[in-house]
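> this one's sequence-less:
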C-alpha cells in the first residue's frame, strides 16, 4: 500500500471527500473519528498492512500523520 | 429441519429514532448494516420474550409441552438472580414438574453452548426432548447516549426443540475461553462484586470496547474455523452455509472477506433486528428455514464469539 492509497483509505474511514484530509489536523476535530472508525482502521491495518492495532495505540494517535507514521510504509 | 420459535418485542427503534446520537439514519446503516432493532418496554423482560418464543415454537410445530423433559435457558438479562429465571419460565410454560431446568449465563457463544449441552444430555440418555431457550434485553443495560451500543444491539428471544434425530446431525464442538477479555464487554456492578471490570464503563451500564472485541475476532475466529473443520474432518469447501454470530455488518463482512467465504454461503440476519446476543444464530437459522434455503444433507458451520471472551463452533448436517 502506498502513502497515497493510505490517505485515500483514511479519507474513506473519516467519510471525507478526496483531498479533504489534513494530515496535521487533530483527529478529534473530524466528526467521524469515533469507535466505529477504530474498527475500520483495525481492518485496514490487518487487511492491507498485516499489522495488529490495539485500542491503546489508536487512542494515542493525535493526527492522521501519526497513523501514517505507524503504518511505516 | 430446525424447529425454532422466536419473539421480538413490539417496540421498534429505527435509525431515524437514533438520530439524536449525532449520526444520520443513513450513516448508522452504513456503519452497522442495521436499519432497526426491537427493544423491550419498561414493563417487559427477557422472561416475557422467552415465554413468547416458546409459545411460537409450540404453536408453529404443534408441540406437546408434556413431552419436554429438559429446559435450558441462556440469558445475560435475568429477571432475578434468585431464583434462577428458568424456574419462572418453567412455571409460565406449564411444563411437567419431573424435569430438569438449567439456566446459564453466556452471550454471543451461548447458542453453541446450548447445542453442545443438548447433544451431551440427549446422547447420554439424560434427556430426550430438550427445549433450548435464548433471551436477552441488552437495551436495558445501554445508556441513552451510548451511540455504538444503542445502534448495534436489539432485544429478542428464541426457542429450539432438540431430540435425538436433531443432535445426531451435530458434529463435534470446539470452545475457547479467555477471561482476559472480560473487561472489554461488561456491565460494571451487575452482580454483587464491587470490582470494576472496566474503568471506562459506567456503573450498571453496558460497556463495549468494540475495537478490542474486533481484534479478538480477527485473532481467534480464523483459527477456530480451521480447528472445527479439522475436528469434524470436513474441508472449508464442504461447508454450504457459514452461520456466524450476527455482531454487526462491518465485522461480518470483514471476516467474510478475510476468510474468503463466498457471499452466497454467508447468510445474514441483522438488518431489521440488530445484534440479539445469544439469539442471533437461531434467528438466522429460523430465517433460512422459513425461506427454504437449506437442503437436506447440506453442511452448516455455526460459530459464536464475543463477550467473555468466549467462542464456540460446530458443524451441522441439515
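Received the coordinates, thanks. Predicted model only: the values in this text are computed from it and were never measured.

> which parts of chain B sit against chain A?
Residues of chain B lying close to chain A (Cβ under 8 Å from any Cβ of the partner chain) are B:27, B:31-32, B:147-148, B:209-212, B:214-215, B:218-219, B:250-251, B:254, B:257-258. In this view, the C-beta of every residue, glycine as well, is placed from N, C-alpha and C.

> Quick check on these: which are buried?
Buried members of the residues of chain B next to chain A, scored by 16 or more other Cβ atoms under 10 Å in any protein chain shown, are B:27, B:31-32, B:147-148, B:209-212, B:214-215, B:218, B:250-251, B:254.

> thinking again about what came up before, restricted to helices, list the residues of chain B next to chain A.
Among these, the members found in helices (DSSP state H) are B:27, B:31-32, B:147-148, B:210-212, B:214-215, B:218-219, B:250-251, B:254, B:257-258.

> Contact partners for whichever residue of the stretch 151-300 of chain B sits closest to chain A?
Distance from chain A to each residue of the stretch 151-300 of chain B (Cβ to the nearest Cβ) is smallest for residue B:211, at 4.2 Å. By Cβ atoms under 8 Å, 6 or more residues apart in numbering or on different chains, the contact list for residue B:211 reads A:35, A:38, A:39, A:42, A:53, A:54, A:55, A:58.

> got it, and residue B:234?
Applying Cβ under 8 Å, 6+ apart, the residues near residue B:234 are B:171, B:299, B:315.

> Which of those residues ranks first by neighbour count?
When neighbours are counted by other Cβ atoms under 10 Å in any protein chain shown, residue B:315 leads the contacts of residue B:234 with 23 neighbours.

> quick one: which helix or strand includes that one?
Under the criterion of DSSP states H and E, residue B:315 resides in strand B:310-317.

> List the strands paired with that strand, with their directions.
strand B:170-177 (antiparallel), strand B:299-306 (antiparallel) (DSSP bridges).

> Give me the residue at the spatial middle of chain A.
The residue lying closest to the centre of chain A (Cα atoms, centre = their mean) is residue A:10, at 4.6 Å.

> I'd assumed residue A:21 was in contact with that one.
Yes. Residue A:10 is within contact range of residue A:21, at 5.7 Å (criterion: Cβ atoms under 8 Å).

> Chain B contacts on chain A?
Going by Cβ under 8 Å from any Cβ, the residues of chain A near chain B are A:15, A:34-36, A:38-40, A:42-43, A:46-47, A:52-55, A:58.

> Buried residues, stretch A:46-55. List them.
Result for stretch A:46-55 [16+ other Cβ under 10 Å]: buried residues A:46, A:53, A:55.

> Just the residues you listed: which are in helices?
Going by DSSP H, the helices hold residue A:55 from the buried residues of stretch A:46-55.

> Present the buried residues of stretch A:46-55 as CSV; the columns should include pLDDT.
CSV is the format used below for the buried residues of stretch A:46-55 (pLDDT from 0 to 100):
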residue, pLDDT
A:46, 94
A:53, 94
A:55, 92
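
> In TSV: the buried residues of stretch A:46-55, plus distance to residue B:43.
Formatted as TSV, those follow (distance: Cβ to Cβ, whole Å):
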residue	distance to residue B:43
A:46	44
A:53	43
A:55	37
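
> any idea which of the buried residues of stretch A:46-55 is closest to residue B:65?
residue A:55 (47.2 Å; Cβ to Cβ).

> right, and the closest one touches residue B:213 too?
No. Contact criterion Cβ under 8 Å: residue A:55 and residue B:213 do not qualify, at 9.8 Å.

> what about the helices in chain B?
Using DSSP H, helices in chain B cover B:25-32, B:46-61, B:85-93, B:110-123, B:147-152, B:164-167, B:210-231, B:249-259, B:280-291.

> rank those by mean pLDDT and give me the bottom one.
Note on those: helix B:25-32 shows the lowest mean pLDDT, a mean of 91.

> the helices in chain A, which residues?
Along chain A, the segments classed as helices by DSSP H run A:3-13, A:35-44, A:55-60, A:64-71.

> if we can go back for a sec, which of the buried residues of stretch A:46-55 sits closest to chain B?
residue A:55 (4.2 Å).

> Not counting its neighbours along the chain, what's nearest that closest one?
Leaving aside its chain neighbours, residue A:55 sits nearest to residue B:211 (4.2 Å; criterion: Cβ to Cβ, 6 or more residues apart in numbering or on different chains).

> and what of residue B:287?
That would be residue B:269: by Cβ to Cβ, 6+ apart, it lies 4.6 Å from residue B:287.

> number of nearby residues for the one you found?
For residue B:269, using other Cβ under 10 Å, the count is 18.

> returning to what we had before: could you report the separation of the residue of the stretch 151-300 of chain B closest to chain A from residue B:8?
29 Å (Cβ to Cβ, to the nearest Å).

> Check residue B:257 too.
29 Å.

> One more: residue B:270?
Residue B:270 is 12 Å from residue B:8, by Cβ to Cβ.
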